[in-house]
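J.: After the sequence you'll find the predicted model.
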Amino acid sequence: MSRKKRRARAAQIALLKSIRTARRLVNWPGGAPGASPGTVVYTGPRKVEQVTFDLVRYDETNFHEVHPDTLDACFPIGPERVTWVNVDGLHETEQLQRLGDLAQLHPLVVEDMVSTGQRPKVEDYETQLFIVMRMLRVRAEGQIEEEQLSLILGPDSVITVQEMPGDVLDPVRVRLRSGTGRSRRLGPDYLAYAIMDAVVDAYFTVVEKLSDRLVTLEEDVLNDPKPSIIADMHHVRGELMVMKRAVWPLRDLFNALIRDETNLIAAETKIFLRDAHDHAVQVIDTVEALRDVLNGLTDLYFTTVSNRMNEVMKVLTVIATIFIPLTFLVGVYGMNFRRMPELELAWAYPVLWGVMVVLVLGMVLYFRRKGWF
């Protein structure tokens, strides 16, 4: 494959990534138009994997973790210990409806859980808090993987529902298993905070990857501004838009959790929520800074390409200017007049060459003195 074809192929791949990223920004969050409230309709990509369940029960001295085959094995939830039920998979709506029955969830909560385009938010249902966040990870090929995380905080339990297996919550599980810190001494509200904080902390890893990508793009722009760089920039811009959509609403989410008067969140936990709020604001500021850097890179790319084009045009103009008087001379002596006296002189031909050489050298020296090349 030639170099030109490789460049064109790379540009096509980057453009396809940008299109896929743009499609993620326009997901329809609800079910069928006109459906009654509480209708459970899965709106994500089609999947065939089996829905899995994780159950964790603990107190300050005891810890119990299992992976039951059925959702019924996770219930009932007792007040003796804190219970964390995690569900991986939204495509089997019957399982989510069963979860709503077992946990006594509001129908609108179940509807929002299976609608994968939800904006991060918090809703108070008196005996439960329903929280939606966007969980972000970076794939091996550098693309951001996004999924919805639904969290239901109850008096004695936390229920999390994810789109697919694999998450960023392993640090929370490790602390619970080891019993270090205050994770097992505090209630389910602290567990909910720990989960949300882990999601926010994972944003820093994504931001770092995007920052590294921008550094690479900057080097490419300065060293070799290829046309495929524009497609790469559009791809990164789309990823930043995905991040902004996931992070920007978190300020309102954490402010609502901190300020709302609810018995589900203790005053001690609200102090930690303020710290998570600060982390979210820091991520937002970083994303906005990266967007400014990307805009600057776009301007730098076009400026660099324009400067290179100007250099090429300057060289071509100098060459054309040098040949203008030469073209005039050869044009004059190429005319078909019968009587041109100097044509009969023996020295006329070398003198003409001498005049042309002197003209060329004189113009080259003049242009170099002016700094034109």
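T.: Sure, I can see it. Worth saying up front: this structure is predicted, and the values here are computed from it rather than measured. Numbers count the residues shown, from 1 in each chain.
J.: Output the below-cut-off pLDDT ranges for the stretch 201-350 of the chain.
T.: Nowhere does the stretch 201-350 of the chain drop to pLDDT under 70.
J.: In space, not sequence, find me the middle residue of this protein.
T.: When the chain is reduced to its mean C-alpha position, the nearest residue by Cα atoms, centre = their mean turns out to be Glu239, at 2.2 Å.
J.: Give me the domain ranges for this structure.
T.: 3-23+47-303, 310-370 (automatic domain parsing).
J.: Next one: Asp252 from Ile258, what distance?
T.: Here Asp252 is placed at a distance of 11 Å from Ile258 (Cβ to Cβ, to the nearest Å). Quick note: C-beta positions are derived from backbone N, CA and C, even for glycine.
J.: whoops, I mixed them up, Leu176
T.: Applying Cβ to Cβ to Leu176 and Ile258 gives a distance of 24 Å.
J.: what about Leu290, how many neighbours?
T.: Leu290: 21 surrounding residues under other Cβ atoms under 10 Å.
J.: I'd guessed it sits against Glu239; true?
T.: No: in this structure Leu290 lies outside contact range of Glu239 using Cβ atoms under 8 Å: 9.6 Å.
J.: shared neighbours, the two?
T.: Leu210 (Cβ atoms under 8 Å, 6 or more residues apart in numbering).
J.: can you map out the strands along the stretch 51-200 of the chain?
T.: Per DSSP state E, counting those that start in this stretch, the stretch 51-200 of the chain carries strands over the ranges 52-58, 63-66, 82-88, 121-124, 129-138, 144-153, 157-162.
J.: Do I have it right that Val287 meets Glu239?
T.: No: with contact defined as Cβ under 8 Å, Val287 does not reach Glu239; the gap is 10.0 Å.
J.: do you know how far Leu297 is from Gly78?
T.: According to Cβ to Cβ, Leu297 and Gly78 sit 56 Å apart.
J.: Give me the nearest residue to Pro249, chain neighbours excluded.
T.: Distances taken as Cβ to Cβ, 6 or more residues apart in numbering put Pro120 closest to Pro249, at 4.2 Å, once the chain neighbours are dropped.
J.: Wait, the one you found touches Val132, no?
T.: Yes: the criterion here is Cβ under 8 Å, and Pro120 meets it with Val132 at 5.6 Å.
J.: helix or strand for Leu365, which one?
T.: helix 348-370 (DSSP states H and E).
J.: Looking at the strands of the stretch 51-200 of the chain, which one is packed in the most?
T.: Comparing those by mean neighbour count (mean count of other Cβ atoms under 10 Å), strand 157-162 ranks first with a mean of 24.
J.: Which residues does that one contact?
T.: 77, 82-90, 96, 99, 103, 113, 135, 147-152, 169, 188, 191-192, 195.
J.: can you give me the angle it makes with strand 144-153?
T.: Here strand 157-162 points in a direction 160 degrees away from that of strand 144-153 (axes from the mean of the first three to the mean of the last three Cα atoms, to 10 degrees).
J.: For strand 157-162, the averaged confidence score.
T.: For strand 157-162, mean pLDDT rounds to 94.
J.: Looks to me like Glu342 is in a helix.
T.: Yes: the assignment for Glu342 is a helix, going by DSSP: H, G, I helix; E, B strand; the rest coil.
J.: what's the closest non-adjacent residue to it?
T.: Closest to Glu342 by Cβ to Cβ, 6+ apart is Ala348, at 4.5 Å.
J.: isn't the one you found right next to Gly354, touching?
T.: No: shown here, Ala348 and Gly354 do not form a contact pair, counting by Cβ under 8 Å, at 10.7 Å.
J.: Looking at those two, which is more packed in?
T.: Neighbours per residue (other Cβ under 10 Å) separate Ala348 from Gly354, with Ala348 holding more: 14 against 11.
J.: Just list the residues touching Leu136, thanks.
T.: Counted by Cβ under 8 Å, 6+ apart, Leu136 has contacts 144-146, 202-203, 206, 242-243, 246.
J.: Tally up the residues packed near the residue nearest to it when sequence neighbours are not counted, please.
T.: Closest residue in space to Leu136, ignoring its immediate chain neighbours: Val206 at 5.0 Å, by Cβ to Cβ, 6+ apart. Other residues within reach of Val206, judged by other Cβ under 10 Å, total 24.
J.: ok, now Arg291?
T.: Applying other Cβ under 10 Å, we find 16 residues neighbouring Arg291.
J.: Could you do Arg251 as well?
T.: Other residues near Arg251 number 14, with proximity taken as other Cβ under 10 Å.
J.: Leu361 too?
T.: For Leu361, the count of nearby residues is 11 (other Cβ under 10 Å).
J.: and it, how far is that from Val114?
T.: Relative to Val114, Leu361 is positioned 81 Å away (Cβ to Cβ).
J.: Kindly report the same for Gly181.
T.: For Gly181 relative to Val114 (Cβ to Cβ), the value is 34 Å.
J.: If we go by neighbour counts, what in the helix or strand hosting Asp201 is buried?
T.: Assessed by DSSP H and E, Asp201 sits inside helix 188-223. Within helix 188-223, the residues scored as buried using 16 or more other Cβ atoms under 10 Å are 188-200, 202-203, 206-207, 209-210, 213-214, 217-218, 220-221.
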